[in-house]
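Undergrad: here are the coordinates; sequence isn't available:
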């Protein structure tokens, strides 16, 4: 595979999953980790990615408020955000994760909505805090440089003390075979704690992430109440999910 093809593959994986690990790219492309590290170094020098321990993350995910950054599949994420608004009702207690799709939702919260938002994302909290009728509570802990959310035992302990009406989170990997998956063990633990703290769970995901898997399991699909994508529910891409016990939006 040519270097340009490798770079294009790596960028697509980062755009889809926000982060790549050198070991995973090495296995997927059947190339050495040294080659992957050189590729990531070149992409970082070109300003396309940010290198982190063991891999790289995308600029738009790390600096979503920076005017020069474009959000991958932003139009699709905006459509998902608009659909998600249907689930929000007055006086709800809502818990959110982080990521660019959740940020698109936070920008669109109607001014007349009265609700309480808990979030593990400081970026989401900052987006919501000026809303006139929302109570915004940030669940704090160690801030992850790669995922831009609070992680660790402190977060898990705080989540154990609340019960929310609805949890909104993104998915890194999502498939019928493997359920919802992620590549970061600490993120997995926090997502599991978020699910335990919630009466209902909505997953916000662009369709490109469907039928993909990461290394570590978050949960089975039977724990998910809503799957929200940019597609119409009857779209053939959603066929594997149409007969499961979840509502498609």
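TA: Good, I have the coordinates. On a predicted model such as this, the values are computed, not experimentally measured, just so you know.
Undergrad: Check the gap between the most centrally placed residue in the chain and residue 23 for me.
TA: Nearest to the geometric centre of the chain sits residue 170, at 3.3 Å (Cα atoms, centre = their mean). Between residue 170 and residue 23 the distance is 23 Å, computed by Cβ to Cβ, to the nearest Å. C-beta coordinates here come from the backbone N, C-alpha and C atoms, glycine included.
Undergrad: Count the residues that sit near the closest residue to the residue nearest to the centre of the chain other than its chain neighbours.
TA: With sequence-adjacent residues excluded and distances taken as Cβ to Cβ, 6 or more residues apart in numbering, residue 170 is closest to residue 99, at 4.3 Å. The tally of other residues near residue 99 (other Cβ atoms under 10 Å) stands at 25.
Undergrad: Correct me if wrong: residue 99 contacts residue 16.
TA: No. Counting by Cβ atoms under 8 Å, residue 99 does not reach residue 16; the two are 11.9 Å apart.
Undergrad: Quick check: residue 54 touching residue 24?
TA: No. At 9.5 Å, residue 54 does not count as touching residue 24 under the criterion of Cβ under 8 Å.
Undergrad: which ones are touching residue 134?
TA: Residues in contact with residue 134 (Cβ atoms under 8 Å, 6 or more residues apart in numbering) are 109, 113, 114, 115, 116, 117, 128.
Undergrad: and stretch 222-231, what's its mean pLDDT?
TA: Averaged across stretch 222-231, pLDDT comes to 98.
Undergrad: Between its first and last residues, what's the separation in that stretch?
TA: One end of stretch 222-231 sits 21 Å from the other (Cα to Cα, to the nearest Å).
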